[in-house]
Each structure stands twice: as structure tokens, then as C-alpha cells.
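1. Build the 3D model from these lines:
(one chain, ligands or ions: 1)
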Amino acid sequence: MPDHYVSQYICLFNLDGYMITYASRTVLLIIGFSLTSAMATAQKVKEPKTTAEWVTAYQPFCIAGNLYYVGTYDLACFLITTPQGHILINTGLAASASQIRHNIETLGFKFTDIKILLTTQAHYDHLGAMHAIKKSTGAKFMVDEKEADVVATGGSSDYALGKYGTSFEPLKVDRLLHDNDTIKFGGMQLVMLHHPGHTKGSCSFLFTVKDDQRSYRVLIANMPTIVTDKAFADISAYPAIATDYAYTLNAMKSISFDIWLASHAGQFNLHSKHKPGDPYNPTAFFDQQGYDNELSDLQKQYEEKQQQKPAGN
Ligand SMILES: [Zn+2]
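-> Residues are numbered from 1 along each chain as shown. Predicted coordinates:
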């Protein structure tokens, strides 16, 4: 079963999609000129939606070895510490910056030791604080090459969420990543896996961490949930969307790992596996079955989407 937070997230956008379509038919002609000029001057960042689960603070903890959870209740952010500095994957919303900083310091690490910034997808709920964190740490931001355009426009060129305008602060990319590229830093080796569909440059990270017992193969997966309420054939801004989802669903089936994590805590059922204050227990996140179930659920959603008739005329 998909997690209810994820379903809620998709529903909110679908609802909005219909509202905007309705509005555009009725009032766009009348206010067209004023709207265009207003948008040209107002490049303000506006996050379209937040939920209580996204903004609620959450106690940081060690997942395994040098890998830590430092996100909010649902927006998963991961810190990998090394002797040369830290890697941060995902930042949550713009307002999450202070929560992440607090979480990192609570764990006993220095926020300004972050040297590399990564994201699983260029949506404002994972990239919202990236610009601010990059600015205050001077860390290098690396992103899937297919995400570069949306990162530069602060989300306004996104095929689905672009309708909301600028939803996160645009930022400079220091390194473009390609499928299977390795990020080597401080003794860590993270392989980026291009998993497009949710966004054009959605990606996952595969790497190994160790403790004094053993090593763990970790997959931080960007689960290929569907964002748009449109039929695939109607998405002219992303003609390859259907083949990209098919590619990703297939590619994700053959990844082998010990620990499964994802962009939203709800997607990997964090809250059923870990409670604040629980002792260190990496095996709580061994969940091949949960991963397989979620992928087969997403496969079904993809197949249903394929059946959706284009709006046409
Ligand atoms: Zn997203």
C-alpha cells in the first residue's frame, strides 16, 4: 500500500490542477494582460502547499554507521559524515533550514562542515532550503543533469509544478551528474542512479556505510510516484514521461541493498520502523518486502495512468 502521506500529497496537487484548469478557462482571457505583467515582475518564491507532517520537527538519529536522519517528520533529509566534511541529501522546505541545522548540531556535528549537497528530485519540498544552505556553508551542489533547467528556474519550468511559478530559490549547480556517476568524498562512494518520471532528473543514491559489526548497502530511493493529473499524452513539456516511468520502474526492481530509505519518511514507513529515542538499530530499515510492495503498487498506478484518455478536442 502506498503511504497515506504520499497519497495526500498527490491528491492535493490533483485538486489544485483541476482548480487552475477551471480558473484558466473562465478568467484567463479577462485578466491575461495584468497577470502576465504581474508574473514578469513578481519572481517571489511561493511554496504551493505544505502539510503538518512536512513542517513538524523530528528528532534526528543515526540510521547506520555514519548515516543520519536529519529531516522533518516526513521530509527525509540524510547526513553522511566523513573526516573531510559532510554530505547532505535533500533539504525539505525553505523553512526546514533551521530544523536541519538544529538536527545536525544536536547530533554533535558542525553545520558548516557540510561540503556536498545532493537532492533526489528538484521539487520545493526537497530543495526548498538548498539555496540558503549552500550560501551559509559554501558547499558544492551536485544534481542530475536532467534537473539543471528546473533548478535554474526555481521550479517554474517543471512540467507539472511549473504552474505554481517559482516554488524554490533557484541556485547554481557545481557539478552535473549522469546516470551511474560516482560521488567520491571523504572515503565515501555514492553512485547516482537516474530514475526519471516524477521529475525529469529524479534520482536515487546507492552507497555503503559501516559500523563495527558489518557494512550496509544503502539505497536512498526516489520512488516514482505520479504527480500530474493530466494524461501522459497531454504533457507536451515532457514527451518522454511514459517511457521514463517505465524505465525507472523496471530499473528499480533489480537494485540490491540492505537498507531502504526514500525522499519522504512515509514512503519507507519510517514511523513504523523507528520511534524517537529508540536505540541504534540499522536492521529496522531492512525491508525488501516493503520496497517490493511499494514498487508493485506504483507499477499499477503507472498502468492505470497509461489508460487515462488524453483530453483531446
Ligand atoms: Zn516531488
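2. ok so Ile87 is a helix residue?
-> No - assigned with DSSP: H, G, I helix; E, B strand; the rest coil, Ile87 falls outside any helix and is strand.
3. Look at it and report its pLDDT.
-> Listed pLDDT for Ile87 reads 98.
4. go on, Lys49?
-> Note on Lys49: pLDDT of 89.
5. Could you grab the helix/strand/coil label for it?
-> Under the three-state scheme (three-state DSSP), Lys49 adopts coil.
6. swap in Val218?
-> Under three-state DSSP, Val218 falls in the strand class.
7. Please name the nearest non-neighbouring residue to it.
-> Nearest residue to Val218 in three dimensions, chain neighbours excluded: Ile259, at 4.6 Å (Cβ to Cβ, 6 or more residues apart in numbering). (Each C-beta comes from the backbone N, C-alpha and C, glycine too.)
8. What are the boundaries of the helices in the stretch 201-313 of the chain?
-> All helices of the stretch 201-313 of the chain, identified by DSSP state H, counting those that start in this stretch, fall at 241-253, 270-273, 288-307.
9. Pull out the buried residues from the longest one.
-> Of all the residues in helix 288-307, those buried under the rule 16 or more other Cβ atoms under 10 Å are Gly290, Tyr291, Glu294, Leu295, Asp297, Leu298, Gln299, Gln301, Tyr302, Lys305.
10. So the second one sits against Leu261, correct?
-> No - with contact defined as Cβ atoms under 8 Å, Tyr291 does not reach Leu261; the gap is 10.0 Å.
11. what residues do those two have in common as contacts?
-> Shared contacts of Tyr291 and Leu261, defined by Cβ atoms under 8 Å, 6 or more residues apart in numbering, are found at Leu219, Ala221, Phe268.
12. Do I have it right that the last one meets His274?
-> What that stands for is Phe268. No - Phe268 is beyond contact range of His274, at 10.2 Å (criterion: Cβ under 8 Å).
13. Thanks a lot, catch you later.
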